[in-house]
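A.B. asks: Sequence and predicted structure are below.
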Amino acid sequence: MKIRIKGNSLRYRLTKTDMERFAKENYLEEAINFGSQSLVYAIQASTTDELTAEFKNNKIILHVPRSVAGEWATTDRVGFDNRNSDLYLLIEKDFKCLDNVEEDQSDNFPNPHAIN
């Protein structure tokens, strides 16, 4: 799972394995360590009607409506988004890049724009 933060925009991208775990456990969490502190980022299936986020105690939790989470994991739907006041939220499947990159992309979803 990756996060991208830019201004008031937060985007989560999930690999195939991430999607499988999230579909099974309804929760997924990772962390980045900054020496004595960590930033934890997670997604959680919840009873909310829309995509929402909270930040407490160095932890970002993106709350995903259960109804959407189930559909997302079992269909070709790429992702979904929501704007909460000034905060824009996006969650999507992580596709393989079309450019050559050093990053391991073996667990990413096939890019629909790739030439076969």
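C.D. replies: That came through fine.
A.B. asks: after the helix or strand of the chain with the lowest mean pLDDT comes which helix or strand?
C.D. replies: Lowest mean confidence among the helices and strands of the chain (mean pLDDT, DSSP states H and E): helix 66-74, at a mean of 79. As assigned by DSSP states H and E, the chain's next helix or strand after helix 66-74 is strand 79-84.
A.B. asks: Tell me which residues are up against the helix or strand following that following strand.
C.D. replies: Remark: after strand 79-84, the chain's next helix or strand is strand 87-93, criterion DSSP H and E. Contacts to strand 87-93, defined as CB atoms under 8 Å, 6 or more residues apart in numbering, come from residues 8-14, 19, 43, 51-53, 62, 64, 72, 78-83, 109. (Each C-beta comes from the backbone N, C-alpha and C, glycine too.)
A.B. asks: Pull out the buried members of these.
C.D. replies: 10-14, 19, 43, 51-53, 62, 64, 72, 79-80, 82, 109 (16 or more other CB atoms under 10 Å).
A.B. asks: Okay, and which of the residues you listed map to helices?
C.D. replies: Mapping the buried ones among the contacts of strand 87-93 onto helices (DSSP state H) picks out Met19, Trp72.
A.B. asks: pLDDT (mean, whole number) over the biggest strand by length in the chain?
C.D. replies: For the chain, the strand with the greatest residue count under DSSP state E is strand 37-46. Taken as a whole, strand 37-46 has a mean pLDDT of 96.
A.B. asks: and that strand, which strands flank it?
C.D. replies: Pairing partners of strand 37-46, with direction, according to DSSP bridges: strand 27-34 (antiparallel), strand 59-65 (parallel).
A.B. asks: For those strands, give me TSV that also has distance to Ile3 and mean pLDDT.
C.D. replies: Shown next, in TSV, are those (distance: least, CB to CB, whole Å; pLDDT from 0 to 100):
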stretch	distance to Ile3	mean pLDDT
strand 27-34	8	95
strand 59-65	7	95
